[in-house]
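In: sequence isn't available, so here's the structure alone:
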């Protein structure tokens, strides 16, 4: 192959590259588009059985229907995600997170030998069925500024099961509402 053939091949490649980029630039000039102020689309999602209806900052939940989905044995399996950071045993100690024995219906941030984040110590609520459900959806958005790095439990059955499991692991489990 002589140098003239190589020159033709290189010229053809350069012309194709210039043509591709040139067509893109020329079409941008010819077909002017107005970009929206925000990226993305608004998507409305219909939830099943009216379990969750979002308001501005909180979720209103039919807690009876939610807890009816749960199962303590399933909660024990799902809790393995939590067990890396939390102890559930009676008399168990704190790990990265506080011990969770008797957690249901105690005040948020009440374990005296654990150093909570400022947002949890100032929260001043109890771990009710609704509070625990909201927290387990996504802890970082339910109580802003807490140091729990867990992504949350998206499935309603998983949350309900963990809540029932936490309630069972108590000196005096509460009856369901």
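Out: Received the coordinates, thanks. This structure is a prediction, so every number in the text was calculated from the model and none was measured. Numbers count the residues shown, from 1 in each chain.

In: and stretch 95-109, how far out from the chain's middle?
Out: Computed by Cα atoms, centre = their mean, to the nearest Å, the chain-centroid distance of stretch 95-109 equals 20 Å.

In: pull out the buried residues from that stretch.
Out: 97, 98, 99, 100, 101, 102, 103, 104, 105, 108, 109 (16 or more other Cβ atoms under 10 Å). All C-beta atoms are positioned from the backbone trio N, CA, C, and that covers glycine.

In: how about those in a markdown table, adding secondary structure?
Out: Output for these, formatted as a markdown table (DSSP: H, G, I helix; E, B strand; the rest coil):
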| residue | secondary structure |
| --- | --- |
| 97 | coil |
| 98 | coil |
| 99 | coil |
| 100 | coil |
| 101 | coil |
| 102 | coil |
| 103 | coil |
| 104 | coil |
| 105 | coil |
| 108 | coil |
| 109 | coil |
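
In: and the strands in the protein?
Out: Along the chain, counting by DSSP state E, strands occupy 52-54, 59-61.

In: any idea which of these scores lowest on pLDDT?
Out: Of all the strands of the chain, strand 52-54 carries the lowest average pLDDT, namely a mean of 40.

In: and residue 173, how many neighbours?
Out: 14 (other Cβ atoms under 10 Å).

In: okay, residue 151: pLDDT?
Out: pLDDT, residue 151: 89.

In: any idea how far residue 82 is from it?
Out: 12 Å (Cβ to Cβ, to the nearest Å).

In: ok, now how distant is residue 72 from residue 14?
Out: Distance of residue 72 to residue 14, given as Cβ to Cβ: 70 Å.

In: swap in residue 103?
Out: From residue 103 to residue 14 the distance is 69 Å (Cβ to Cβ).

In: what does residue 3 give?
Out: Distance, residue 3 to residue 14, using Cβ to Cβ: 16 Å.

In: then residue 90?
Out: Distance from residue 90 to residue 14, by Cβ to Cβ: 76 Å.

In: try residue 143
Out: Residue 143 is 60 Å from residue 14, by Cβ to Cβ.

In: of these two, who's got more company?
Out: Neighbours per residue (other Cβ under 10 Å) separate residue 143 from residue 14, with residue 143 holding more: 19 against 10.

In: so where's this structure shaky on pLDDT?
Out: Scanning the chain for pLDDT under 70 picks out 46-60.

In: just the helices in it please.
Out: Counting by DSSP state H, the segments of the chain that form helices are 3-30, 63-69, 72-78, 118-121, 129-137, 139-142, 156-168.

In: out of those, which one sits most buried?
Out: helix 156-168 (a mean of 22; mean count of other Cβ atoms under 10 Å).
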